[in-house]
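A.B. asks: please work out how this folds:
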Amino acid sequence: MSTASVPDVPVPGDNPDRVRMKRTGRQVRERLAANPAVYAIPAEQAELFAVGDFLDADECARLIALIDVVARPSTAYDLDYSSGYRTSYSGDPDPTDPFVKRIQRRFDDLLGIEPSHGETIQGQRYLPGQQFQPHTDWFPDGTQYWNEEKVRGGQRCFTAMVFLNAVEEGGHTQFPRLGLSIEPKPGALLLWNNADRKGVPNPWTIHAGMPVVSGVKYIVTKWYRTLPWA
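C.D. replies: Model (predicted):
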């Protein structure tokens, strides 16, 4: 997909979370740089990282089974499944499950972010033809969405996503403005900073879950906030 085909994303002019976004970005950046298992994905306009084999085959299989139990048609704020914007199935595995708690803590430990700032992991399942059109994970300023979310933990500063299985065809995670297309690899973690180095939400992080052509795609995603998530 070319950059020209990606819709414009409003960038906040006065970001109330800017200082916290900048501070968290610096702290996570330094922590990841000291971890030899973390690979920085080359991109001038955004900070993306990857970790191979973040989850093993058994952990991936257990999460897939949990997703199948809780999966329901996905929504994207005020757009439901029928809009065609987000046509996957998604659901939150029980956060009190000891296995889920252990996986969530692994995310926390990698980034060094307080567990209270992390949203509950969300599982997603994509069948053939299903997709999630280009979007950002941060909340645009001046929207009702942001007005609601800024009192529930503030801005989303980091996104951590793990591919749980190999997809027969399609299902890449694409960053169209960066010219990146990431193929699903079982157990691999994809991680990115939703802000630039100044702490401003970064429009270059717009991304999409491309349609699955054949097979099924499973992922889990965990978002981190600038404040404790409520």
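A.B. asks: who does the residue most central in space within the chain form a beta bridge with?
C.D. replies: Nearest residue to the geometric centre of the chain (C-alpha atoms, centre = their mean): Thr159, 3.9 Å. Under the criterion DSSP bridges, Thr159 forms beta bridges with Trp192, Trp223.
A.B. asks: pLDDT on stretch 73-86, on average?
C.D. replies: Here stretch 73-86 scores 67 as its mean pLDDT.
A.B. asks: over to stretch 119-134?
C.D. replies: Throughout stretch 119-134, pLDDT has a mean value of 96.
A.B. asks: buried set for it?
C.D. replies: 119, 121-126, 128, 130-134 (16 or more other C-beta atoms under 10 Å). The C-beta positions use only the backbone N, C-alpha and C, and glycine is treated the same way.
A.B. asks: that stretch: end-to-end distance?
C.D. replies: Stretch 119-134 has its terminal residues 21 Å apart, counting by C-alpha to C-alpha, to the nearest Å.
A.B. asks: what comes up buried for the top helix by length along the chain?
C.D. replies: The longest helix of the chain (DSSP state H) is helix 18-33. By neighbour count with 16+ other C-beta under 10 Å, helix 18-33 contains the buried residues 18, 20-22, 24-25, 28, 32.
A.B. asks: circling back: out of the buried residues of stretch 119-134, which are inside strands?
C.D. replies: Counting by DSSP state E, the buried residues of stretch 119-134 place 122-126, 132-134 in strands.
A.B. asks: farthest pair in the residues you listed?
C.D. replies: Using C-beta to C-beta, the pair of these lying farthest apart is Gly123 and Pro134, separated by 21.4 Å.
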